[in-house]
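>>> structural data only, the sequence is not supplied:
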């Protein structure tokens, strides 16, 4: 029999909403992860969105026949209009010759001297005009889903302990208040743990002798073919940010966030100090929040300074692909775990959680090898 009793001693409480509130208010990367549908298995799979960019790269051109990747050629139909990046000449697809080749003709010079695409040209898709009374299958194919990816769930547990002495002193009021206060502390600690998992976690499949682990940003964002920009030891500036943003946009993503260390946020904000907009009541981002204009498409990106971020790296992200999922029936709950004869009260907060990173190869771009922020700030101060 327990030595101490309290009102919800025999109740199991769902803490998922409380955790969601704490996560949302955390001034860290984890606050970008919205609640998603429950995972049904420890291996949580999701369907990737089709957000492929409206452009293709010409690997070779011979007599107006363009060679490109099979994925790029699949975006085209006879009649599709293309324009070479940084040029005004308009070309028309006359035929798809194979899975990797198609023929074009000059449709309109538009004041350009260019008469044919060249090797390594980037061709932006303008449109595919349709005839009157078109039939099914003649339109541009746009699938919502393309492929799949997965992550594994990870078990999180926090034990909430209040000693008999603390209960007697009643520092924080009655026993229920003390438990709720300690539970809030435990969930705050869990949110910070989740933040580091969201950044650095590795994807590990659970087995009889192996604990399941959830992969994070660095796991998904550094896979083969992932987007990246090498700063080569240069200072963090708008040029690097826009290069990364352009890479995301080129793959069909919508860059909305610049994730970096607090020091690098200071370096970047110095460049924008006369044009920056500080938002202090933002519900989704961090303690340091600033909105800057993306010079590639004119939209805004939020700077998020996370103390857990490595100082010589940053990320430009499309946060629309982030999600936080609980394993079905394993949301964060707490229940009494006081052993018989224990001098105090123990409650156990336990749950199994995983993270979604949809279209990581298209929505995430890593900026690496930045000049350390301390050196960059010292250089800025010396130049004043």
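Sure, I can see it. Values in this document were obtained by computation on a predicted structure and should not be read as measured data.
>>> which stretches of the stretch 51-200 of the chain form strands?
Along the stretch 51-200 of the chain, counting by DSSP state E, counting those that start in this stretch, strands occupy 55-57, 60-62, 65-67, 81-84, 90-96, 101-108, 122-127, 145-152, 154-163.
>>> out of those, which is closest to residue 333?
strand 154-163 (11.0 Å; CB to CB). (Each C-beta comes from the backbone N, C-alpha and C, glycine too.)
>>> now do residue 122 against residue 318, distance only.
20 Å (CB to CB, to the nearest Å).
>>> what residues of the longest helix along the chain count as buried?
Across the chain, the longest stretch assigned as helix under DSSP state H is helix 175-200. For helix 175-200, the neighbour count (16 or more other CB atoms under 10 Å) marks 175, 178-180, 182-183, 186-188, 190-192, 194-195, 197-199 as buried.
>>> what packs against that helix?
helix 16-25, strand 154-163, helix 164-169, helix 217-221, strand 344-357 (3 or more CB pairs under 8 Å, 6 or more residues apart in numbering; DSSP states H and E).
>>> distance between it and the chain's centre?
23 Å (CA atoms, centre = their mean, to the nearest Å).
>>> for residue 127, name its beta-bridge partners.
Assessed by DSSP bridges, residue 127 has beta-bridge partners residue 81.
>>> show me the shaky parts of the stretch 101-250 of the chain.
Residue ranges of the stretch 101-250 of the chain with pLDDT under 70: 132-146, 170-176.
>>> quick one on the thing from earlier: next, format the strands of the stretch 51-200 of the chain as CSV and append mean neighbour count.
As requested, these are exported to CSV (neighbours: other CB atoms under 10 Å):
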stretch, mean neighbour count
strand 55-57, 19
strand 60-62, 13
strand 65-67, 21
strand 81-84, 21
strand 90-96, 18
strand 101-108, 17
strand 122-127, 17
strand 145-152, 16
strand 154-163, 17
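>>> dump those into CSV; add distance to residue 237 as well.
Converted to CSV, the strands of the stretch 51-200 of the chain look like this (distance: least, CB to CB, whole Å):
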stretch, distance to residue 237
strand 55-57, 25
strand 60-62, 35
strand 65-67, 36
strand 81-84, 29
strand 90-96, 35
strand 101-108, 38
strand 122-127, 24
strand 145-152, 32
strand 154-163, 37
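>>> got the phi and psi for the residue nearest to the spatial centre of the chain?
Nearest residue to the geometric centre of the chain (CA atoms, centre = their mean): residue 319, 4.3 Å. Note on residue 319: its backbone torsions stand at phi -80, psi 0 [degrees, to the nearest 10].
>>> what residues are up against it?
Residue 319 sits next to 32, 256-257, 363 when contact means CB atoms under 8 Å, 6 or more residues apart in numbering.
>>> show me the domain layout of this protein.
13-48+148-383, 55-129 (automatic domain parsing).
>>> pick the most deeply packed of the ones you listed.
domain 13-48+148-383 (a mean of 18; mean count of other CB atoms under 10 Å).
>>> which element is residue 268 on?
helix 262-271 (DSSP states H and E).
>>> check which helices and strands that helix sits against.
Using 3+ CB pairs under 8 Å, 6+ apart, helix 262-271 sits against helix 238-250, strand 289-293, strand 300-305, helix 373-383.
>>> could you export the ones you listed as a markdown table, including distance to residue 334?
What follows is those, written out as a markdown table (distance: least, CB to CB, whole Å):
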| stretch | distance to residue 334 |
| --- | --- |
| helix 238-250 | 40 |
| strand 289-293 | 32 |
| strand 300-305 | 30 |
| helix 373-383 | 40 |
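>>> of all these, which one is nearest residue 312?
Here helix 373-383 is closest among the helices and strands packed on helix 262-271 (CB to CB), at 8.3 Å.
>>> point out where the stretch 251-384 of the chain drops to low pLDDT.
272-298, 384.
>>> how long is stretch 68-75 end to end?
End-to-end span of stretch 68-75 (CA to CA, to the nearest Å): 11 Å.
>>> what about it, distance to the chain center?
26 Å.
>>> for the record, mean pLDDT for it?
Averaging pLDDT along stretch 68-75 yields 85.
>>> try stretch 33-43
Per-residue scores along stretch 33-43 average to 91.
>>> for that stretch, report the contacting residues that lie outside it.
For stretch 33-43, using CB under 8 Å, 6+ apart, the contacting residues are 16, 20, 23, 150-153, 198, 205-206, 212, 322-329, 331, 352, 354-356.
>>> how long is it from one end to the other?
So stretch 33-43: terminal residues 19 Å apart, CA to CA.
>>> please apply the same query to stretch 105-123.
13 Å.
>>> stretch 96-110 now?
24 Å.
>>> so how far is that stretch from its chain's centroid?
36 Å.
>>> pLDDT wise, what is residue 18 at?
pLDDT recorded at residue 18 is 70.
>>> from residue 350, how far off is the residue nearest to it when sequence neighbours are not counted?
Nearest non-adjacent residue to residue 18, counting by CB to CB, 6 or more residues apart in numbering: residue 187, 6.1 Å away. For residue 187, the distance to residue 350 (CB to CB) stands at 12 Å.
>>> mutual contacts of the two, please.
158, 332.
>>> residue contacts, residue 325?
35-39, 44, 153, 353-356.
>>> of all the residues you listed, which comes closest to residue 227?
Nearest to residue 227 among the contacts of residue 325, with distances taken as CB to CB, is residue 356, at 18.3 Å.
>>> that closest one reaches residue 326, doesn't it?
No: between residue 356 and residue 326 there is no contact under CB atoms under 8 Å: 11.9 Å.
>>> figure out which of the helices and strands packed on helix 262-271 is closest to residue 92.
Using CB to CB, these put helix 238-250 closest to residue 92, at 22.5 Å.
>>> for residue 343, find the nearest of the strands of the stretch 51-200 of the chain.
strand 154-163 (6.5 Å).
>>> show me what that closest one is packed against.
Applying 3+ CB pairs under 8 Å, 6+ apart, one finds that strand 154-163 makes contact with helix 175-200, strand 344-357.
>>> fine by me, thanks again.
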